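Engineer: below: sequence and its predicted model.
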Amino acid sequence: MRKFDVLIIGSGPGGQRAAFQASKLRKKVAVIERQPYIGGAGIHTGTLPSKTLREAALFLAGFKQRAVFGFQLAIGREVTLQELMHRKMDVIKRQMEVIIEQFSRNNVEIIYGEASFIDGHKLTVKGATTSEQIYAEVIIIATGTRPLRPRDVPFDEAHIYDTDTILKIDNIPSTLTIIGGGVIGCEYACIFASLGVKVTLIEKKPRLLPFADEEIVNNLSYWMRQSGITLRLSEEVVKITVETKNRVVTTLKSGKQAASEKLLYTMGRVGNTDMLNLEAIGIKPNERGGLNVNENFQTTLPHIYAIGDVIGFPALASTSMDQGRRAVCNAFHTEGVTCEVVSHLPFGIYTIPEISMVGATEEELTKKRAPYEIGCALFQEVAKGQIIGDTHGMLKLLFNRENRGLLGVHIIGERATELIHIGQAVMSFGGTIDYFKDTVFNYPTLSDAYKVAALNGLNRL
């Protein structure tokens, strides 16, 4: 029986960073991956493919050209998503090569096979032709999630899809119904709408993206409607029926119906824990297969950790990477290794236009009765916004009225997910809104919106 200091189940972003950190601590480490390829859902079915599709759709639909130069490119209905994502396999291949090279450079062994627990320190790994037992002092579960597929939804991969199988759709439909107004649902709604598809988005809550700033989400909802997306909010689905070859009918509790050629179901995900034989070690997943952990990412067994999507919100590749590093640091209590909790996590939502945020929302500050003020800048107020044709973008700063400390940054518009890191850095170092007033930004840039927003906020005082 082979022995390791650390075994990591799953080779996604969290598992990768955990492995690299363990290697830097001179631990003998291996990563177990049940698929015949590494990278997890983030590379193969989630983040990378969907963002590649978004960029291809923006380019081929002439979205940016339409805004700046007033024309739109034509897309024939015969174009397939596979053609739209012609670079996907090349990008995936290159990214996998990078990861494999990093594993090799850090002396991390990759073991292909399905892992299951024998006891608290022993795993059985069943490969395609072999099976072996492995021992480890510390085990990290980074198995990720898969789309939820309720029994009453007739998935058939011809008319009704989940977020994995939608990437295999054979043609661009003229109409599409999306169930679920979360991050994934909103992103795909915007992508298909940019290709000229008539999209109906159904959400049972009264607003989209309830964790985000309400004003920003209201702006997104406006631009989604401008793109031709029909929003059905506060609506509950009671039945989904495939009536004919090109007609899927969704019946709502209110009596409304939505008919379309295809349907995408994006309501929730399930933790990949059912194959781990967790019963053998007394760890009980929740009803969605997720695992509960403490602030150190430990399960009920102190030497078994869990990170990434399998532990739930925020379920981002960026946070999973950070959790992997910190879990290993916590496991070995190594002096001189930084593993402090990151208090200001950025969120990036790749809708059209994109959204990003860090820190508190207005709703949270109001609930706490915190003394805050806002400063806003419209992208049309900065020269770069006019140059690139983004006249609907907005940057909003939330700051303490008494000491001017920065409390939150919320952005909608072009390059929002890049711009957010400026505000994140200032918040992390305890900066105030005066930083933006007193600093000099390159001109013309969208970053200059920080100065405009800061001056707007100070004028309110």
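Structural biologist: Looks like it came in fine. Numbers count the residues shown, from 1 in each chain.

Engineer: keeping just the C-alphas, turn the longest strand along the chain into PDB.
Structural biologist: Identified as the longest strand of the chain according to DSSP state E is strand 131-141. Presented in PDB, the C-alpha positions along strand 131-141 are these (Å, rounded to 0.1, in the frame of the first residue of the first chain):
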ATOM      1  CA  SER A 131      -7.400  -1.000  -8.500                       C
ATOM      2  CA  GLU A 132      -5.200  -0.100  -5.500                       C
ATOM      3  CA  GLN A 133      -5.500   1.000  -1.900                       C
ATOM      4  CA  ILE A 134      -3.700   4.300  -0.800                       C
ATOM      5  CA  TYR A 135      -3.000   5.700   2.600                       C
ATOM      6  CA  ALA A 136      -2.700   9.400   3.500                       C
ATOM      7  CA  GLU A 137      -2.300  11.500   6.700                       C
ATOM      8  CA  VAL A 138      -4.500  14.300   5.300                       C
ATOM      9  CA  ILE A 139      -7.200  13.900   2.700                       C
ATOM     10  CA  ILE A 140      -8.800  16.900   0.800                       C
ATOM     11  CA  ILE A 141     -12.200  16.400  -0.900                       C
END
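
Engineer: run the chain-centre distance for whichever helix or strand comes after it.
Structural biologist: With elements assigned by DSSP states H and E, the helix or strand that comes after strand 131-141 is strand 145-147. Distance of strand 145-147 from the chain centroid (C-alpha atoms, centre = their mean, to the nearest Å) equals 13 Å.

Engineer: for stretch 169-179, same thing?
Structural biologist: For stretch 169-179, the distance to the chain centre is 22 Å (C-alpha atoms, centre = their mean).

Engineer: show me what counts as buried in stretch 284-294.
Structural biologist: Across stretch 284-294, burial judged by 16 or more other C-beta atoms under 10 Å covers Pro285, Gly289, Gly290, Leu291, Val293. Bear in mind the C-beta positions are built from the backbone N, C-alpha and C, glycine included.

Engineer: hang on, the fourth one packs against Ile283?
Structural biologist: In other words, Leu291. Yes: under the criterion of C-beta atoms under 8 Å, Leu291 makes contact with Ile283 at 7.0 Å.

Engineer: the stretch 201-350 of the chain: helices as residue ranges?
Structural biologist: 214-226, 317-332 (DSSP state H, counting those that start in this stretch).

Engineer: now do Ile75, the pLDDT please.
Structural biologist: pLDDT recorded at Ile75 is 51.

Engineer: the nearest residue to Ala30 once chain neighbours are set aside and Ile349: what is the separation?
Structural biologist: Spatial nearest neighbour of Ala30, chain neighbours left out: Glu109 (4.1 Å); criterion: C-beta to C-beta, 6 or more residues apart in numbering. To Ile349, Glu109 is 36 Å away according to C-beta to C-beta, to the nearest Å.

Engineer: which of the two has more neighbours?
Structural biologist: Each of Glu109 and Ile349 has its neighbours counted (other C-beta atoms under 10 Å); Ile349 has more, 24 against 15.

Engineer: could I get the phi/psi values of the nearest residue to that one once chain neighbours are set aside?
Structural biologist: Leaving aside its sequence neighbours, Ile349 sits nearest to Ile355 (C-beta to C-beta, 6+ apart; 4.2 Å). Phi and psi for Ile355, reported as degrees, to the nearest 10, are phi -130, psi 140.

Engineer: thought Ile355 was touching Ile412?
Structural biologist: Yes: counting by C-beta under 8 Å, Ile412 is a contact partner of Ile355 at 5.1 Å.

Engineer: surely Tyr188 is in a helix?
Structural biologist: Yes: per DSSP: H, G, I helix; E, B strand; the rest coil, Tyr188 lies within a helix segment.

Engineer: what's around it, how many residues?
Structural biologist: Around Tyr188 there are 24 other residues, counting by other C-beta under 10 Å.
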